[in-house]
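Engineer: Build me a model from this:
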Amino acid sequence: MKIKDRIQKYFREKSAFRITSNLFFYLLILALLLPFSRKHLATGLNRLIMHRPSVISEQRQIQLTDEDYEWMLVDMKGNPVSFSTFKGEVLFLNIWATWCPPCRAEMPNIQRLYDAYGERMAMVIASQEEAPRIRGFLDENNYDLPVYRMVQNLPEKLSSSSIPTTFLISPEGKIVIRKAGAARWDGDYFKSVLDTLLED
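Structural biologist: Predicted structure coming up:
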């Protein structure tokens, strides 16, 4: 049987739904195989499955010590900044990377959070990547977030084997939220948690 005959037979025997679903499946496989589209597809899928972060019960919240605040960052202008600068504030700490699809997926939410709360709380968006790569990503996406480079290892209480990992830290130094993976940081639930912390 010729290829043309096989194609005609396929279209005669299959329903429109089956043809469409097969076509979608093959396009999805193709998108996963191509590096450029794979990154965008993975980011999009992460946006679909993001959910709100959970507050840690008070009994299980980890208390940071003075030592846990003693590590250095570098801002995007190359100035050293001690993490202890943010001690005593409501603090949003996000560990991320430009190449990470879940990080990229949640970044628009973090930008909206910064637009709404950036004047009322401290935000540290920290990466281990080189400054030109970070700056290129921020410029490409029109982000104006407070991004820092990590030049030291994180203290044990803030370390994680996955990115993104995000911490919400109270002014008293308690870890109220610790979330590995992407989350909806600009949702009503998280904003209500922030409002409570900011009122205290």
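Engineer: Which residue ranges make up each domain of this protein?
Structural biologist: Domain ranges of the chain: 3-49, 58-199, per automatic domain parsing.
Engineer: Would you confirm that Ile62 contacts Ile177?
Structural biologist: No - contact criterion C-beta atoms under 8 Å: Ile62 and Ile177 do not qualify, at 11.2 Å. C-betas here are computed from N, CA, C, even on glycine.
Engineer: Next, show the common contact partners of these two.
Structural biologist: Common neighbours of Ile62 and Ile177 (criterion: C-beta atoms under 8 Å, 6 or more residues apart in numbering): Ile56.
Engineer: Give me the neighbour count for Arg135.
Structural biologist: 14 (other C-beta atoms under 10 Å).
Engineer: Identify the bridge partners of the residue lying closest to Ser162 once chain neighbours are set aside.
Structural biologist: Setting aside the residues directly before and after it, Ser162 is nearest to Ala180 in space (C-beta to C-beta, 6 or more residues apart in numbering), at 4.8 Å. Bridge pairing for Ala180 (DSSP bridges) gives the partners Thr165.
Engineer: residues contacting the most centrally placed residue in the chain?
Structural biologist: Central residue check for the chain by C-alpha atoms, centre = their mean: the C-alpha nearest the mean position is that of Cys103, 3.1 Å away. Applying C-beta under 8 Å, 6+ apart to Cys103 gives the contacts Trp96, Ala97, Ile163, Pro164, Ala182.
Engineer: Can you pick out the most distant pair from those residues?
Structural biologist: Taking C-beta to C-beta as the measure, the contacts of Cys103 span a maximum distance of 12.6 Å, between Ala97 and Ala182.
Engineer: tally of neighbours for the residue nearest to Pro171 when sequence neighbours are not counted?
Structural biologist: Excluding the flanking residues, the one nearest Pro171 by C-beta to C-beta, 6+ apart is Gly88, at 5.3 Å. A total of 13 residues lie near Gly88 under the criterion other C-beta under 10 Å.
Engineer: what's the helix or strand for Gly88?
Structural biologist: Gly88 belongs to no helix or strand when assigned by DSSP states H and E.
Engineer: how about it, phi and psi?
Structural biologist: Listed backbone geometry of Gly88 is phi 90, psi 0, with angles given as degrees, to the nearest 10.
Engineer: what does the one 4 residues further on give?
Structural biologist: Geometry field for Phe92 lists phi and psi as phi -110, psi 110, criterion degrees, to the nearest 10.
Engineer: these two touch, right, it and Met121?
Structural biologist: Yes - counting by C-beta under 8 Å, Phe92 touches Met121, with 6.4 Å between them.
Engineer: the more surrounded of the two?
Structural biologist: Neighbour comparison, Phe92 and Met121: the larger count goes to Phe92, with 25 against 19 (by other C-beta under 10 Å).
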